[in-house]
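using only what follows, build the 3D model:
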Amino acid sequence: MKLLRYGPVGQEKPGILDQAGKIRDLSAHISDLNGAALGDASLAKIRALDINSLPVVDGNPRIGACVGNIGKFICIGLNYADHAAESNLPIPAEPVVFNKWTSAVCGPNDNVKIPRSSKKTDWEVELGVVIGKGGAYIDEKDALSHVAGYCVVNDVSEREYQIERGGTWDKGKGCDTFGPIGPWLVTRDDVADPQKLGMWLEVDGKRYQNGNTSTMIFGVAHIIAYLSKFMSLQPGDVISTGTPPGVGMGVKPEAVFLRAGQTMRLGIDGLGEQQQKTIDA
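The predicted structure is shown next:
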């Protein structure tokens with residue numbers, strides 16, 4: 001299933017995409033596409049519905065982040081060896097963990113705000129993993145059963161704030177609008193192998209990133225098991241699993257960064273596409 005949230009900011013409603021690509025409203029069945037709706041039992045009830053009997057959503061509504069009321073927005077850094085190399089950083093022995101603040105979350109096609117004084121705002125296409133069943137100390141062999149589904153994430157990053165201003169990476173990762181999520185939450189039964197997904201990103205029509213989740217250093221199951229040793233995972237948590245090479249910081253001979261008035265397009269096989277315009281904050 002391709003589940004989504006549509007409507008104005010703060011007033012999003014749950015929906016599902018039908019075979020014809022039309023949005024059908026799920027409001028009569030779930031109040032929101034949040035942690036409470038993402039367990040296996042809830043998803044099974046949605047799956048059992050006659051989609052064609054659900055109300056069609058007319059027009060072209062704004063698409064919101066595909067998960068509401070996200071509890072934790074956890075990110076994995078340097079999870080592709082060639083991205084670590086372009087960042088001039090060693091391949092990590094264990095997953096690099098950081099956070100995005102939930103105030104960074106926005107819709108997949110919402111404008112991305114370049115922070116005031118920013119000179120090094122950058123892009124990162126990533127596979128997002130949405131937790132459907134919580135737990136701690138999860139065995140790797142069981143980890144994927146804790147997944148509700150997968151989505152596209154743009155881990156927008158300000159490199160000066162992240163790397164040059166001291167402390168942790170977080171303040172360069174969590175600016176407002178630095179977390180576009182969606183368009184869809186594709187349930188795990190519709191993703192045959194999360195480690196075989198092509199991914200790409202363009203800025204103003206130029207392809208910068210072309211990668212595949214098959215080249216991750218730490219796979220999705222390992223990441224879930226690893227994180228659950230340090231924190232309990234809860235339904236509605238989102239894990240962004242790292243980016244392949246091709247970020248602006250790594251462009252040679254001179255890095256390329258975003259400025260207001262540009263357009264990012266990005267996508268992952270089977271999970272849909274995002275498109276954002278950059279504006280000044």
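
pLDDT on stretch 263-279, on average?
Averaging pLDDT along stretch 263-279 yields 98.

and the next helix or strand past whatever helix or strand residue 14 lives in?
Element membership for residue 14 (DSSP states H and E) is strand 13-17. Later in the chain than strand 13-17, the nearest helix or strand by DSSP H and E is strand 23-25.

where along this structure do the helices fall?
All helices of the chain, identified by DSSP state H, fall at 40-47, 81-86, 159, 220-227.

just put those in CSV and tack on distance to residue 27.
For every residue, glycine as well, the C-beta is placed using N, CA and C. Converted to CSV, the helices of the chain look like this (distance: least, CB to CB, whole Å):
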stretch, distance to residue 27
helix 40-47, 12
helix 81-86, 40
helix 159, 41
helix 220-227, 30
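
who's in contact with stretch 225-238?
34-36, 38-39, 67-74, 94-95, 97, 128-140, 143, 146, 148, 151, 153, 181, 218, 224, 239 (CB atoms under 8 Å, 6 or more residues apart in numbering).

lowest-scoring secondary structure element of the protein by mean pLDDT?
Within the chain, confidence by mean pLDDT, DSSP states H and E is lowest for helix 81-86 among all helices and strands, at a mean of 79.

returning to what we had before: nearest to residue 264, of the helices of the chain?
Minimum separation from residue 264 across the helices of the chain (CB to CB) falls at helix 159, 15.8 Å.

residue ranges for the strands of the stretch 51-200 of the chain, please.
73-77, 96-99, 105-106, 112-114, 121-122, 125-131, 147-154, 157-158, 179-180, 185-187, 198-203 (DSSP state E, counting those that start in this stretch).

nearest to residue 19, out of the ones you listed?
strand 185-187 (14.3 Å).

what is the mean pLDDT for the closest one?
98.

how about the residue nearest to residue 73 when sequence neighbours are not counted, what does it touch?
Spatial nearest neighbour of residue 73, chain neighbours left out: residue 100 (4.3 Å); criterion: CB to CB, 6 or more residues apart in numbering. By CB under 8 Å, 6+ apart, the contact set of residue 100 is 73, 75, 155, 170, 173-174, 178-179, 240.

what's the farthest-apart pair in those residues?
Largest pairwise distance in the contacts of residue 100, by CB to CB, is 13.1 Å, between 170 and 240.

which of these two has more neighbours?
residue 240 (27 against 14; other CB atoms under 10 Å).

state the distance from the more buried one to residue 216.
12 Å (CB to CB, to the nearest Å).

same deal with residue 125?
For residue 125 relative to residue 216 (CB to CB), the value is 13 Å.

the two: who's more crowded?
Neighbours were counted for residue 125 and for residue 216 using other CB under 10 Å; residue 125 has more, 26 against 21.

just the pLDDT for the more buried one.
Reported pLDDT for residue 125: 98.

just residue 91 next, same as before
Value listed for residue 91 in the pLDDT field: 86.

one more: residue 87?
For residue 87, the model assigns a pLDDT of 76.

that one against residue 250, yeah?
Yes: with contact defined as CB atoms under 8 Å, residue 87 reaches residue 250; the gap is 6.4 Å.

residue at max distance from the center of this protein?
residue 53 (30.1 Å; CA atoms, centre = their mean).

can you tell me the closest non-neighbouring residue to residue 120?
Per CB to CB, 6+ apart, closest to residue 120 is residue 159, 3.9 Å.

quick one: contacts for the one you found?
120-122, 172, 249, 255, 257.

swap in 10 Å and give it another go.
Residue 159 makes contact with 87, 118-122, 165, 169, 172, 247-249, 255, 257, according to CB atoms under 10 Å, 6 or more residues apart in numbering.

residues near the residue lying closest to residue 141 once chain neighbours are set aside, how many?
Once flanking residues are discounted, residue 141 sits nearest to residue 221: 7.6 Å by CB to CB, 6+ apart. Number of residues near residue 221 (other CB under 10 Å) recorded here: 21.

hmm, residue 221 is touching residue 239, no?
No: with contact defined as CB atoms under 10 Å, residue 221 does not count as touching residue 239 (11.5 Å).
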